[in-house]
Structures are given as C-alpha cells and as structure tokens.
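Colleague: kindly generate the corresponding structure for this input.
(chains A and B)
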There are 2 protein chains.
Amino acid sequence: MTPESFRLAGHELIDWISDYRNNLDQHPVRAQVAPGDIRGSLPSSAPELPESLASVVADLDKIVVPGITQVQHPMHYGWFPSNASLASVLGDIASSGLGTLGISWESCPALTEVEEVVCDWMRQLTGLSAQWEGTIHDTASTACLTALILAREKASNYAEMGAGLQGQENPLVIYTTSQAHSSITKAALLAGYGKENIRMIDVDPSTYGMSPRALREGIEEDLKLGRKPAAIIASVGSTGVTAIDPVDELSIISNEYDIWLHVDAAMAGSAMLLEECRFMWEGVEQSDSISWNPHKWMGTILDCSLFYVKDPEHLIRVMSTNPSYLRSAVDGEVTQYRDWGIPLGRRFRGLKLWFHLRLDGVEAIRQRIRRDLENTRWLADQIEQTENWKVVAPVTLQTVCVRHEPGNLSGEDLDKHTLNWVDAINRSGEAFMSPSIHDGLWMVRISVGVESTEREHLERLWALIQNTVIDID
Amino acid sequence: MTPESFRLAGHELIDWISDYRNNLDQHPVRAQVAPGDIRGSLPSSAPELPESLASVVADLDKIVVPGITQVQHPMHYGWFPSNASLASVLGDIASSGLGTLGISWESCPALTEVEEVVCDWMRQLTGLSAQWEGTIHDTASTACLTALILAREKASNYAEMGAGLQGQENPLVIYTTSQAHSSITKAALLAGYGKENIRMIDVDPSTYGMSPRALREGIEEDLKLGRKPAAIIASVGSTGVTAIDPVDELSIISNEYDIWLHVDAAMAGSAMLLEECRFMWEGVEQSDSISWNPHKWMGTILDCSLFYVKDPEHLIRVMSTNPSYLRSAVDGEVTQYRDWGIPLGRRFRGLKLWFHLRLDGVEAIRQRIRRDLENTRWLADQIEQTENWKVVAPVTLQTVCVRHEPGNLSGEDLDKHTLNWVDAINRSGEAFMSPSIHDGLWMVRISVGVESTEREHLERLWALIQNTVIDID
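Modeller: From the prediction side, this is the model:
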C-alpha cells in the first residue's frame, strides 16, 4: 500500500472510528455473541488477492463491533475502567504511522528519550521523588514478573550467573495476600519460586489490607525454617475490593529484613495524580519498585504500565544483553530500554502518554478523577441508605462492592440471588458489572471511572439495579 | 477529547503520516542526534493545560523525526527488516480507535476469535499442519521465555505447583548455540535455569547450524552427570548470519530423549510463506513450540510475534490464572488468551494481521519476499566476484555478511578497517548496516528486505560501499 492510498484509507478509517465512538452508547455494553459466532463468520483462510478497505470496514461493523464488550460505554462498570482516551489514541496512531523500531537507543533515539521524559513527567505528577527512574511495560503482570525476578536475583546474590534458582539452598519466599492480583501468584510461578514458597499473609478484617503483624510473624517463621524472604508485594487498590496495603508499615519491615518491596498500584496509581490521595501509598519512597497502569482509570490507551525502580544498575545487571550487533559508540551514555524488561523490540509507547498529557492537559485529567471519586461516594451513600442493600467493603477509590441481602437469604441462596440479578443486568446489555467472591460469598463490583460516565449514568444504574431485583423476585 | 475533535485531529495526523511516509527517503537513514539532544528539547514537566494538535505535530517534525533511525528507508540494511506495512498500520489504527480490552473472551470475544482465525490463516500460509494452535506475543523474546518455562515445567513435572525450580534435584539444562539470538540466553536466565545450565553446542563450521552429533554428546554427558536435559532451542535464520539449525535431525534427538524442542524462526518465518523455502525448517512438525515474527520481513507492524504449540493443555496448565472476577459461563468453550502468555491485558493485535493480509493479499506479500531473495542473491554475486571482497557466511535468506579484505590487513587492523568503512557510511546517513562479530572478526551485515528496497537501491549501496572503501584508504 502506498502512502497515497494510505491517506485515503486513513481518512475513511478515522471517520469510521469517530462515528463508532460517537454512537458507542447505542451498543449493548456486553457483547451479545456466543462462543464461535465470530470465528464462524470469518473465512477459513487468508485471501490471495487484495480486498478493498470498504469490505474490511463493513466486516468491522458486521462482525467485530457486535463482538466487543464496550468498555468505553458510560454504563460499563465491569472489571476496571479501561479508558482509551482519544488524545492517547492519536499518540498510538502516530506511533503506528511512524513504524519505528526500538531495540536500542541507536535504533530510535526519540523513542528512548521521549519515554524517559514522559516517565519522568508521570513521576512528578504522582509525587514521587527524583530517586525513581521509569519505563513503560505492556501490563502490570509483566512489571510484577520483572520485579519478582529482580527480587530473586538480589536475594540469591545473582544466582542467574551460576546455577540459577536450581542452586538455591535456602528457598526464597515471597509475601502477598489473598486480595492481591492473580498476576502476582502467576509471576511467582513463572519466576520459578514455586507455589509453596508464596506465603499469603492475613489481612486486617476491616480494611482487607495486609497485616504488618502477620507479615512479621511469617517472616520470622520462615527464617527459623531456613527459608529466605525475598519479596513483599504490596497492593495499593487491590482488584477485588480496592484494598490498600499499609505500605509505610510494610516498608519498615522490608528494610529491617532487607527484603525487596514491590508496590503494585496498578489501579490506585491514577489517583496518585491527586495530592489528597497520596496518603494511600505513604511509605512508597522506601520501596524498591513500583508499577501502575495509566491504561486504567487515567485513560492512556492500553498497553501502558509504568514501572519505576530506584536502582537501575541492579535492573540492568539482571536483565541486560549486549550482543555485538547491538553495540554502539554511545553505550554507557544512553538508556537501553531493552535491559529494562523482557522484550527486545519495543513500540514507541511514550507517544501515547505524550499526546494524552499534552492534548488533554493534566488539570482536566485530575478533574475527571475527582469527579469519579465524588460520584462513587454518592453511589455508595445511596446504597448504604437503602434497606437490604449493603456495601460489603470499604470504598477507598472508585469501586463499590455491593450485595442485596433480603433477610430471608444466606449462603448458597444468597449467592444464587446475587448472581441472578447481576446476570440479568449483564445479559440485558444495559449495564455491565463484574461479580466476584468476597469473604466466601459472591458480591457485585461496581467499578466507576469510564471517561464518559457522569452522575446521570450512576443514577440510571442504581435505578436499574433496584428494579432488576424487584423484577426477578 | 470528543469524537468530533478526534475526527479533525485524526485527519490532520493521517495527512502528516502520509507525507512523512512519502518523504521518508529524504531523511538520513541513521538518526543524526547525540545522546540527550531530544530529552533536552522537551519540557521538564507535563503541561497543566491542553495544547493544540498543531503544536504536538510541530514537535513531531522538529524533535521526533530527526531522532528516528529510519528503518522504513529503502537504504536501511541494519539489524533486520522491520517493515511496518501501511495496510497493517491501518489495522493498528483500528485497534487503537476501538480501545477494546482483552483480559478474557468475555471482555472482547472479537479480539479473541479474530486472533484465533488469523493465527490459523498464518499457520496454513506457512505450511504447518492443523495440530498447531497459535497466539500473538509482543516479541520472540517473550515467546522464547514462555517456551523455556513450558519446557521447565514439563521436565520438572510441574514443579511450579510445589517448590518451583528451588526443589529441582537434577539441574535442568537447555541447549542452544553461540549463533542463537541473545534473547535465548536472557530467557533462560529469567526462567531461573542459571547460566551454567545453558549449554552452547558446537556448530557445523561451514553452515553455522547446530551440530546434531555435538548435541547428542552434550546430552549424554549431562545425563551421566545427573543433569536433566529440558529444552533444545533451534534457530532458523539466526541473528548474526541467518544460520539454519537442522531442525529435522534435532527433532529426532529431542523425541528420543523427550526434550522440549522450541523452533525460533523469528527471522526465517516470513520465508516459510514460500513453499520453496520450507525445506529450511524440515522437521518442524516434530517440535513442541514455534515462534516467528511477521513484524520483521513479512511486514506486519511491530509488535506481532506468532507463537504456536501442539499441546495447549500443557500451556494453559502452566500459565493459567482463574480468579473469580474473571470467571464466566462460557469458560471451557472458549480460548482465554490470558493463559497463553505473560500479560493479562491484551491489545486487539489480530487486527493488524487481518488488515495486512486482506488489504495487501497474500500473493503480493509472497512476491515481495521472492524479490528480496533474488536481490540478495544478486548482491552476494556482485560481492563474490569482486577482488578483495568476501561473503563470509552462507547466504541462506536475505542477509549478506561481508568483509573487505585487502591482502595487507588481518586481525585487529582488519577489524579497524571494517569498522571504519561501515561507520563512514552509517555516519553519512546515506545507508545503514550493522557490524557484527563473526568467527572472532568484525564483519558487516547487509540485511535486505525493507518493503521499499528495490534492485536500484542495492546497486546504489554496492557502489557506495566500494567508493567509501576507496575514499577512506
């Protein structure tokens, strides 16, 4: 395809995207397709000859769009806000159009240095000190895996250069809680620690945050058993109930025992743009690594997960490769991001943050986050004031965990009732929420924070929920 | 930003991209900036208030473009062809515009099923049998790490569910060669094997492919030492000299000893679109996993690395997570790609392959690859026929490894001479090639395969090389 045909096709596609975004709230929130529907609508093999853009775009309308759960829909309250702000989409489009290659500073100095700059902008915007240096990973899962590998190599004195984990005499242990994201257990397994070396520390029953006392007991017990504590993962805004681990208290323990402390603020990181929220990760300066996702609430399109460390030298020692064909005269003077993560090749991801921050401006992003905090508080108040409705976990950020508990139901019957009403709503396509198990019972997470969700949408949601419960009874 | 302002901005940006691509060959191939130049041109903190698209685009022109090594330039012969075909760019733009979330089938059924379909299209196009199922990873580095974790868990009988690698009594060993990509050693270190458990097998001195005899000897020796062979990584089109490991012979050994065989065809995979090239990975059907990068020579924009396995059940057992908030009624009927790799959240990557294959058509892609093979052969012939010029490794694909060897130079002097002439060309901005160490001496890799590189560009390159050598003498 020539640049001139691209120009024509690109204009068509931009119009299509703009129309799609304009009319997004006319689609059902949850995709209404059955397994295999989309696969079955597509040809079983690739076309030998070129097709027109018109036919591809027609298939976007006919096949793809009905197969999308509309996470940009103002009535989407599932999982977490996965905003793809149009300002950041433009940055993504610029990145695609440029078609750069990031395998070394030399392969695209701009890619490296814009990433350095926007990571530093984000550092300042979240109140972190200048001791932190950052990069962009695809997701917090990858950032967490990287952190656990850094912890492993620190605790084993760079075993990777010898027998690896296979030579480890005192088993390395990591500490987290049942509330932490599933990617933390996964990362520990992938990094080779083994499931029996993941210690789930008790949480405070009122906040669901990690209990520092229980952590200390766990560490002491492991030391007595000849095991070596390697990493503590603190969640700031856990997936289920946005619980906040007490980073300040955990950091005292991590420093005392010289254990790597990774702060997983995937969800809450966006709120750190607001000074009034930063108490939530008090103590973060004493941790060893931090990750959070602008591609969630803040709204820089996926994939954009920030990863900060205080000691890049350790990071580079663990993750570096230096084959001859990548060496250049400027090595040592520049950042080689290939040594900051798993993949060698990188997209120009800095552009989406660059465009997002510049075209929207920071103040507008902060205002939107404040709006969501207020709206969430409003919704929680409505629920708390209504008979038989319960907010089942503290509302720390933008998630309200609810249950309808008519007096006559408990246990399995209550679970059935919960799943019934949420499923009725999700099936209707009018709104979408994620049910989740909490303290052994199903509840419904209402995750607020889509860019287009205003107070009126929450009012509509709350009415819909109450009416649905009446209808199914 | 509203969809209507996005429409206006999007059109501007498409025009900018089209102009940039049209005039790309007027930029120096290698970026002419010094470390810190770009960082120093950018504000040290993010803007509070929105800026106009015009000011961002002006900075693209003034700051970003001069900082790009133009890998889409027809005179780019560095590293490897990193084509970003404009058809695939449109797919990437569609993906960004849609702003979907891939964390489960339910979060975007279309994302999952289009990916399934295009991976199957690519399977057929490369002549693989229906026993293979695929997914898209960001890079071959990540695919290789996944493969080595799969191998580790198979050889250790799922140690991850117990003590992990830390409980391994017989150290697991992996086998590769000095020619393999740096990401393989990196993956082995990240997966916890340890450097001393990576065995570099001798290569055949004429082909630089792994010696099956040496592999067998290595395995036998390890078994005697009580070590457990876990994985063989076969390179098809190695990074330095595009060497081809004899997959058929290696697969016989891997099956005999029950060792995981991963085929890394990152570079050569594109050539497998041509039936006449498939002898290069003869035996691939007997391997356990395969990865290759459409984002190289084939030209689907980065990041797009295919990863195929024969036993998805094993893959899912090793990589799966199933937290309650991600469970749905259709589990078991659908593919959950979160269990096929490291990250939980995924972009709609299938679209770039879908657009690329449909808008360009397979036949045109095949023709381009054939053109490059012919042009490469032509260049190698010119070099071989010229006095004092030497092609220093077999030309298997689209890479010619050359050295100018005037009779009076050897050793360090020859190295100096080689680095001198290639550096003079790279500095000039007229063409770009990667020097690399081969058999202990520097040589220059001419990696052919940029979409816009025609015979005339190779003629120009060959004249430029010869003139430069004359000039610096």
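
Colleague: beta-bridge partners for residue A:135, please?
Modeller: residue A:307 (DSSP bridges).

Colleague: what residues does the stretch 251-400 of chain A have near chain B?
Modeller: A:295, A:301-303, A:318-319, A:321-326, A:330, A:333-334, A:342-347, A:354-355, A:357-364 (CB under 8 Å from any CB of the partner chain). From N, CA and C alone the C-beta is placed, and that goes for glycine too.

Colleague: now, which of the residues you listed lie within helices?
Modeller: Using DSSP state H, the members of those that fall in helices are A:318, A:319, A:354, A:355, A:357, A:358, A:359, A:360, A:362, A:363, A:364.

Colleague: buried ones among the residues of the stretch 251-400 of chain A next to chain B?
Modeller: The neighbour count (16 or more other CB atoms under 10 Å in any protein chain shown) marks A:295, A:301-303, A:318-319, A:321, A:325-326, A:334, A:342-347, A:354-355, A:357-362, A:364 as buried among those.

Colleague: and which of the ones in helices among the residues of the stretch 251-400 of chain A next to chain B is nearest to residue B:468?
Modeller: Of all those, residue B:468 sits closest to residue A:319, with 36.5 Å by CB to CB.

Colleague: confidence score at the closest one?
Modeller: On pLDDT, residue A:319 comes in at 94.

Colleague: swap in residue A:379?
Modeller: Predicted confidence (pLDDT) for residue A:379: 98.

Colleague: grab the nearest non-local neighbour of it.
Modeller: residue A:458 (5.0 Å; CB to CB, 6 or more residues apart in numbering or on different chains).

Colleague: who's in contact with the one you found?
Modeller: Residue A:458 makes contacts with A:375, A:378, A:379, A:448, as judged by CB atoms under 8 Å, 6 or more residues apart in numbering or on different chains.

Colleague: give the buried subset of those as a ChimeraX selection command.
Modeller: Filtering the contacts of residue A:458 down to the buried ones (16+ other CB under 10 Å) takes a single ChimeraX command:
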select /A:375,379,448
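
Colleague: from the contacts of residue A:458, which is closest to chain B?
Modeller: residue A:448 (15.7 Å; CB to the nearest CB).

Colleague: I figured that closest one hits residue A:374, correct?
Modeller: No - using CB atoms under 8 Å, residue A:448 is not in contact with residue A:374; the gap is 9.9 Å.

Colleague: could you check the pLDDT of the residue in chain A sticking out farthest from the centre?
Modeller: Counting by CA atoms, centre = their mean, the extreme residue of chain A relative to its mean C-alpha position is residue A:49, 40.0 Å from that point. What the model reports as pLDDT for residue A:49 is 98.

Colleague: may I ask you to confirm that it is in contact with residue B:363?
Modeller: Yes - here residue A:49 reaches residue B:363: they are 6.3 Å apart, a contact under CB under 8 Å.

Colleague: sorry, back to before: before we move on, what SS does the residue nearest to residue A:379 have?
Modeller: Per DSSP: H, G, I helix; E, B strand; the rest coil, the local secondary structure of residue A:458 is helix.

Colleague: ok, back up a step: export the contacts of residue A:458 to TSV and tack on secondary structure?
Modeller: Shown next, in TSV, are these (three-state DSSP):
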residue	secondary structure
A:375	helix
A:378	helix
A:379	helix
A:448	coil
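
Colleague: farthest-separated two in the contacts of residue A:458?
Modeller: Of all pairs in those, the most separated under CB to CB is A:378 and A:448 at 9.7 Å.

Colleague: just confirm residue A:278 contacts residue A:272, I think it does.
Modeller: Yes - using CB under 8 Å, residue A:278 is in contact with residue A:272, at 5.7 Å.

Colleague: thinking again about what came up before, which of the ones in helices among the residues of the stretch 251-400 of chain A next to chain B sits closest to residue B:76?
Modeller: Using CB to CB, those come closest to residue B:76 at residue A:354, 24.7 Å.

Colleague: quick one: the helices in chain A?
Modeller: A:3-22, A:37-41, A:53-59, A:86-98, A:109-125, A:140-155, A:182-190, A:212-224, A:247-257, A:312-319, A:350-360, A:362-384, A:411-428, A:455-472.

Colleague: reformat those as CSV; add distance to residue B:413.
Modeller: Listed next are those as CSV, based on distance: least, CB to CB, whole Å:
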stretch, distance to residue B:413
helix A:3-22, 45
helix A:37-41, 61
helix A:53-59, 56
helix A:86-98, 40
helix A:109-125, 32
helix A:140-155, 41
helix A:182-190, 48
helix A:212-224, 59
helix A:247-257, 55
helix A:312-319, 33
helix A:350-360, 42
helix A:362-384, 57
helix A:411-428, 73
helix A:455-472, 74
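
Colleague: and those helices: which comes nearest residue B:131?
Modeller: helix A:37-41 (18.3 Å).

Colleague: tell me the domain ranges of chain A?
Modeller: A:3-70, A:93-360, A:362-472 (automatic domain parsing).

Colleague: TSV for those, including distance to residue B:83?
Modeller: Formatted as TSV, the domains of chain A follow (distance: least, CB to CB, whole Å):
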stretch	distance to residue B:83
domain A:3-70	14
domain A:93-360	8
domain A:362-472	34
